[in-house]
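Peer 1: 3D, please:
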Amino acid sequence: MFTAEQKRQALGAVLQSDSFSGSPRLSDLIRYIVEKDIAGESPDVKAYTIGLDVLGKDASFDPSTDPIVRVTAKRMRDALTAFYETDAGRAQPVRIEVPTGRYVPTYAAQEPNLPAAEEAGDVVIVRRSRIPWRTAAAAAVIAVAGTVLWFVRDQVSTQDMIRPPIVVIAPFSGPAEGPASVFVTGIRTQLLNDLAQSTTLIVSDEEREITHRELDDRFPDSVHYILRGQTVFSGDNIVVSLSGPDNSVLWSREVPFPENDSEFYGLMRTLVGGIAAEISGESGVVVTDMTDRLNERTEAVGQPGTSEYACLLNAYAYDTTKDPQVGERARACLSRLVDGGSSNSSIWAQHALILFLDANRPENGAVAARQLDDALAAARRAVQLDPRNAVAHEHLGSILSARGERQQAIASYQRGLALSPFKPSLNFLLGWQICLQGEWAEGMMMIERALDMTPQAPGYMFVPVALDAFRQGDFAASLREAQRIIDLGDVRGHALAFAASLALDDGPAAGAYLAQAATDPNFDPADPMRQVRITFSNPSVMADYERVIGEKSSIIPR
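Peer 2: Alright, predicted model coming up:
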């Protein structure tokens, strides 16, 4: 039990952290939640009251249609996680957590300098900084299960990894009857359906509990993961967790049981779809773990031949980071597979994406039109090979948009969303098309939804957020978002930060960001915003950038 003073001290440390000090909205939300708890008023805190008291919404605010509270709460939880991963956060005696789906804080005592692994009876809980535990409830699930985590990671990753990894959906535990039973069955069925649409993994439906040792025998040539669900505490929550081949928990999420039918269907539409995206998305847990394994394997034994899955991971990584070296690897392996007559729709879709990105490189001006035609043909081939490939429709939409065929692009994105309604990038791209039509409020709502569904969102997904802040004259917020984009490895963040610094009359910072932008081989000194304009071209916003750059570049020290 923690005193009110201990809770306030923990809150003060959070508010002074880098994760919160630059974000008034997140600071207001965590302060509101903790102060309400100290005052004994936590039961009164709902999404509606947060909308009114913290986010400035009026009485007509409807949290079931406006996701702003859920989006802000997700960012607040991410900011808390980021703070407690810093040295200052780890040094705090009391840790604040706000479980997903609720707005009541919990508190936990922290010991400084925790070891990498802790023993709990016959259980070893492996702590992996790359994907942190979301809640203490997840640890409880593992303790109840009594699972021993074996350290055999080096024994997996010796195969050629041509096949996609396998995610086994184990039986979910819960009440045998009643509304809670219906929900447990429903969430598992929905996850099966959503994950089955992914191009990054294969789903296996298991009718009985299974171990990773059994999977080693059944799937000797594939990396495998197990997805489990188990009710905890008083039976009003279910914790969904994903374990890797070494049996360590890579990811977990606590899901509250719905209180009524309306909430039930809302959870099925949004939260469950978000879970699928966190697991199988291009920036999700499985792809992240597989990328690590492939990198380890390459360092240890080399990588002869061209694995289709490894090639797809390279392509996903390039799409996320725009790193030129990653792009060269992706370009080479995709070309080999396409020239070899691959019938894999995903290979053709990523090949189309690479051609599309190449068509927009400054040095390719003379051949850009032909490359864009080639990209369009490759995307259509991907759709032809598999009309249910949502990624193929997505890339086809992006290419059509670049050709100025906006309505056809929107139709392609909508077809992709019909196949994969919870795919973050499709929500993002359709939202951006809506912004391009001048409907910023509606478009940014879709983009925020995409960010909320993406646990490790790539840098490009924050570009419209920076543009929107700049458009509204909030140059400090635009600069913060640009720095986030840089931190996530997207080179376009340098140009965005350069312009925002100019708008803030900070010449030295603008000069430093400009110098960093110039290190990108695709940078055009005569047009610093060119790389942003290629995929995020809104005439009115670009005019604002060009005006600021034209008027204030003289303040950069020479």
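
Peer 1: separation between Ile226 and Leu250?
Peer 2: 10 Å (C-beta to C-beta, to the nearest Å). Where you see a C-beta, it was placed from the backbone N, CA and C, and this is true even at glycine.

Peer 1: then Pro324?
Peer 2: For Pro324 relative to Leu250 (C-beta to C-beta), the value is 30 Å.

Peer 1: more neighbours: which of those two?
Peer 2: Leu250 (20 against 12; other C-beta atoms under 10 Å).

Peer 1: quick one: strands adjacent to the helix or strand that that one is a member of?
Peer 2: Using DSSP states H and E, Leu250 maps to strand 249-256. Here strand 249-256 is paired, per DSSP bridges, with strand 237-243 (antiparallel).

Peer 1: mean confidence for the partner strand?
Peer 2: Strand 237-243 shows a mean pLDDT of 86 in the predicted model.

Peer 1: stretch 23-43 too?
Peer 2: Stretch 23-43 carries an average pLDDT of 87.

Peer 1: and that stretch, what's buried?
Peer 2: 23, 26-34, 36-38 (16 or more other C-beta atoms under 10 Å).

Peer 1: could you do stretch 182-196 as well?
Peer 2: Result for stretch 182-196 [16+ other C-beta under 10 Å]: buried residues 183-184, 186-188, 190-192, 194-195.

Peer 1: quick one, grab the pLDDT at the closest residue to Phe219 other than its chain neighbours.
Peer 2: Nearest residue to Phe219, sequence neighbours excluded (C-beta to C-beta, 6 or more residues apart in numbering): Ile166, at 5.5 Å. Here the pLDDT value assigned to Ile166 is 87.

Peer 1: adjust the sequence numbering to begin at 30 for everything that follows.
Peer 2: Sure, I'll start counting at 30 from here, so that last one is Ile195.

Peer 1: number of nearby residues for Ile195?
Peer 2: Counted with other C-beta under 10 Å, Ile195 comes out at 19.

Peer 1: contacting residues for it?
Peer 2: Applying C-beta atoms under 8 Å, 6 or more residues apart in numbering to Ile195 gives the contacts 230-233, 244, 248, 251-254.

Peer 1: show me which of those is closest to His380.
Peer 2: Proximity to His380 was ranked across the contacts of Ile195 by C-beta to C-beta; first place goes to Leu230, at 20.5 Å.

Peer 1: in the stretch 230-379 of the chain, where is pLDDT below threshold?
Peer 2: For the stretch 230-379 of the chain, the stretches flagged by pLDDT under 70 are 250, 261-265, 288-302, 311-312, 323-336, 349-350.

Peer 1: again, 90 this time
Peer 2: Filtered on pLDDT under 90, the stretch 230-379 of the chain yields the residue ranges 230-253, 258-270, 273-359, 362, 366, 369-376.

Peer 1: now the stretch 80-229 of the chain
Peer 2: For the stretch 80-229 of the chain, the stretches with pLDDT under 90 are 80-120, 122, 126-195, 201-229.

Peer 1: any chance you could map the strands in it?
Peer 2: Along the stretch 80-229 of the chain, the segments classed as strands by DSSP state E, counting those that start in this stretch run 123-126, 135-138, 146-149, 152-155, 195-198.

Peer 1: need the residues that contact the second one.
Peer 2: Taking C-beta under 8 Å, 6+ apart as the criterion, the residues outside strand 135-138 that touch it are 31, 35-36, 39, 122-128, 165.

Peer 1: just the buried residues from those residues, in PyMOL please.
Peer 2: Here is the PyMOL selection string for the buried members of the contacts of strand 135-138, based on 16+ other C-beta under 10 Å:
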select buried, resi 31+36+39+123+124+125+126+127+128
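
Peer 1: pick out the most distant pair among the contacts of strand 135-138.
Peer 2: Pro122 and Pro128 (20.6 Å).

Peer 1: what about the helices in the stretch 230-379 of the chain?
Peer 2: Taking DSSP state H, counting those that start in this stretch to define them, one finds helices in the stretch 230-379 of the chain at 241-247, 290-295, 301-309, 314-330, 337-350, 353-368, 374-388.

Peer 1: possible to save these as a markdown table with distance to Met558?
Peer 2: Converted to a markdown table, the helices of the stretch 230-379 of the chain look like this (distance: least, C-beta to C-beta, whole Å):
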| stretch | distance to Met558 |
| --- | --- |
| helix 241-247 | 49 |
| helix 290-295 | 40 |
| helix 301-309 | 30 |
| helix 314-330 | 30 |
| helix 337-350 | 20 |
| helix 353-368 | 19 |
| helix 374-388 | 17 |
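
Peer 1: closest to Ser507 out of those helices?
Peer 2: helix 337-350 (21.4 Å).

Peer 1: which residues does the nearest residue in space to Ala76 that is not next to it in sequence contact?
Peer 2: Sequence neighbours aside, Pro92 is the residue nearest to Ala76 in space, at 3.7 Å (criterion: C-beta to C-beta, 6+ apart). With contacts defined as C-beta under 8 Å, 6+ apart, the neighbours of Pro92 are 75-77, 80, 98-99.

Peer 1: what strand or helix carries Ser427?
Peer 2: Element membership of Ser427, judged by DSSP H and E, is helix 419-431.

Peer 1: and the end-to-end length of stretch 388-403?
Peer 2: One end of stretch 388-403 sits 9 Å from the other (C-alpha to C-alpha, to the nearest Å).

Peer 1: and what of stretch 89-105?
Peer 2: From its first residue to its last, stretch 89-105 covers 24 Å (C-alpha to C-alpha).
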